[in-house]
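> Model the structure of this input:
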Amino acid sequence: MSRKFADVVEEVQQLSLEEKEELQELLHNYLIEERRREIRKNAEAAMKEYREGELRFFTDIDEMMNFVCLS
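Model (predicted):
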């Protein structure tokens, strides 16, 4: 663990209960937004692959597994 992180943890411990609850809510919202950005990035990459004809669909799991293992 980096010293900077440890410093932040120590500072959080000094906050009041209300401040800790507010910080918890802020962190929760930050994580939600970060996950949304990651989902959006993955969706955009998949759409690019689809447009470029690189996205492949399978209806048979064995066929898909063979494709993945050979790639």
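> Could you check how many residues crowd around K20?
Using other CB atoms under 10 Å, K20 has 13 other residues around it. (C-beta placed from N, C-alpha, C; glycine too.)
> and it, what helix or strand is that in?
Using DSSP states H and E, K20 falls within helix 17-51.
> how close does R51 get to Q24?
Distance of R51 to Q24, given as CB to CB, to the nearest Å: 41 Å.
> List the buried residues of the worst-scoring helix or strand of the chain on mean pLDDT.
The weakest-scoring helix or strand in the chain, judged by mean pLDDT, DSSP states H and E, is helix 61-70 (a mean of 83). Within helix 61-70, no residue qualifies as buried by neighbour count (16 or more other CB atoms under 10 Å).
> Distance from the chain centre to it, please.
Relative to its parent chain, helix 61-70 has a centroid offset of 26 Å by CA atoms, centre = their mean, to the nearest Å.
> all numbers from here: first residue = 407
That works, and once the first residue is 407, the last one we named lands at helix 467-476.
> Tell me where this protein is predicted with low confidence.
407, 477 (pLDDT under 70).
> Contact partners for the residue sitting nearest the centre point of the chain?
By CA atoms, centre = their mean, the chain has its centre lying nearest to R441, at 4.2 Å. The contact partners of R441, by CB atoms under 8 Å, 6 or more residues apart in numbering, come to none.
> Would you mind measuring from it to H434?
11 Å.
> quick one: contacts for L421?
L421 makes contact with L429, according to CB under 8 Å, 6+ apart.
> That one: which element?
Using DSSP H and E, L421 sits within no helix or strand.
> neighbouring contacts of stretch 445-456?
Outside stretch 445-456, the residues that touch it by CB under 8 Å, 6+ apart are L461.
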